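Enquirer: sequence and computational prediction follow.
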Amino acid sequence: MRLPDHERAAHREAFRTMTLPEKADYVFAYYKLPLVLALIVVVALGWTAWRRVTHKEPLLYVALVNVADSEVLDNGLGNDYVIATGNDPRTAEVYCYHALYLSDPEDSSDHQYSYASRMKLMGAVAAEQLDVVVMNRDGYDLLSNSGYLMDLAPLLAKGGDGTAALVPLLQTNVVVDSDNSIEVELNEADAYVAETHEEQNALEVSGRGLFSDFSEPVYLGIIGNSPRADEALAYLAYLVRG
């Protein structure tokens with residue numbers, strides 16, 4: 001209900017004579033809800049604007065598996081490729097999962113870290129947010145055996161002249177179709193038995209391009225369910241040319 005003019009004038013005069021802390025208490029007491037709502041709106045708008053300004057569109061998702069990171073490697077895998085493809089590093093990126101260390105459980109000196117790395121990798125694969133892996137030999141064997149890697153031979157066969165140089169780098173490894181590992185762990189079977197087949201599912205790139213200074217073998221592979229396989233293949237060719 002609208003107050004009479006003389007009462008409104010009295011309220012204004014009373015407010016004018018209040019001290020600063022009293023004025024703050026008065027405003028907060030009578031306008032608390034609108035102020036809180038206004039603050040929520042301002043924060044939400046600020047967060048949305050910040051996300052729009054800082055968000056980068058991933059061109060690819062890459063993981064370093066059992067491979068030590070470095071500034072040179074990080075730049076080569078990320079911003080250098082973004083620039084080479086004509087994209088702006090301020091709006092596009094190659095998202096990299098660093099320091100994923102995998103090993104067989106019985107060989108792992110740090111079971112928890114290895115387990116956490118496996119869970120992170122599995123989550124990224126399930127979300128289709130992993131395309132390319134950079135691996136040492138142990139990592140390559142583990143990912144191949146587990147069926148994570150794409151058979152590269154058919155992909156290279158349709159890749160044209162731009163990827164012809166990759167064919168001699170193809171490596172063959174074992175993929176496990178089924179096994180009795182659970183039964184062995186539960187002591188329900190005496191010997192490990194597996195049905196397997198072989199695929200050409202990685203490139204051995206030691207001493208080439210970005211990996212010219214590596215002292216141990218390095219392998220590149222593409223994750224089997226990658227929705228960006230063509231881009232990933234172009235990325236492998238770029239890394240080898242380096």
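Expert: Right, received. Where do you want to start? Residues are numbered from 1 along each chain as shown.

Enquirer: low-scoring stretches of the protein, by residue?
Expert: Applying pLDDT under 70 to the chain flags the ranges 1-16, 18, 20-55, 104-109, 161, 242.

Enquirer: and the helices in it, which stretches?
Expert: 5-17, 20-54, 71-77, 79-84, 111-126, 137-145, 152-157, 181-185, 229-241 (DSSP state H).

Enquirer: next, the angle from the fifth one to helix 137-145.
Expert: Spelled out, it's helix 111-126. Angle of helix 111-126 versus helix 137-145, following axes from the mean of the first three to the mean of the last three C-alpha atoms, to 10 degrees, is 50 degrees.

Enquirer: so who does Leu236 touch?
Expert: Going by C-beta atoms under 8 Å, 6 or more residues apart in numbering, Leu236 touches Val132, Thr163, Leu166, Leu203, Leu220, Ile222. In short, each C-beta sits where N, CA and C put it, glycine included.

Enquirer: so how far is Gly139 from the third one?
Expert: In this case it means Leu166. Leu166 is 20 Å from Gly139, where distance means C-beta to C-beta, to the nearest Å.

Enquirer: so these two - more neighbours on which side?
Expert: For Leu166 versus Gly139, neighbours defined as other C-beta atoms under 10 Å are more numerous around Gly139 (26 against 20).

Enquirer: verify the contact between the more buried one and Asn145 for me.
Expert: No - with contact defined as C-beta atoms under 8 Å, Gly139 does not reach Asn145; the gap is 10.9 Å.

Enquirer: mind picking the two most distant members of the contacts of Leu236?
Expert: Farthest-apart pair in these is Val132 and Thr163; separation 14.0 Å (C-beta to C-beta).

Enquirer: quick one, which of the two is more surrounded?
Expert: Between Val132 and Thr163, counted using other C-beta under 10 Å, the more crowded position is Val132 (24 against 18).

Enquirer: leaving out sequence neighbours, find the closest residue to that one.
Expert: Val62 (4.6 Å; C-beta to C-beta, 6 or more residues apart in numbering).

Enquirer: apart from its neighbours in sequence, what residue is nearest Ala164?
Expert: Going by C-beta to C-beta, 6+ apart, Ala164 has Leu156 as its nearest residue, at 8.0 Å.

Enquirer: check contacts around the one you found.
Expert: By C-beta under 8 Å, 6+ apart, the contact set of Leu156 is Thr163, Ala164, Leu166, Val167, Leu170, Leu233.

Enquirer: could these go into TSV alongside distance to Glu188?
Expert: Formatted as TSV, those follow (distance: C-beta to C-beta, whole Å):
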residue	distance to Glu188
Thr163	46
Ala164	49
Leu166	44
Val167	44
Leu170	38
Leu233	43
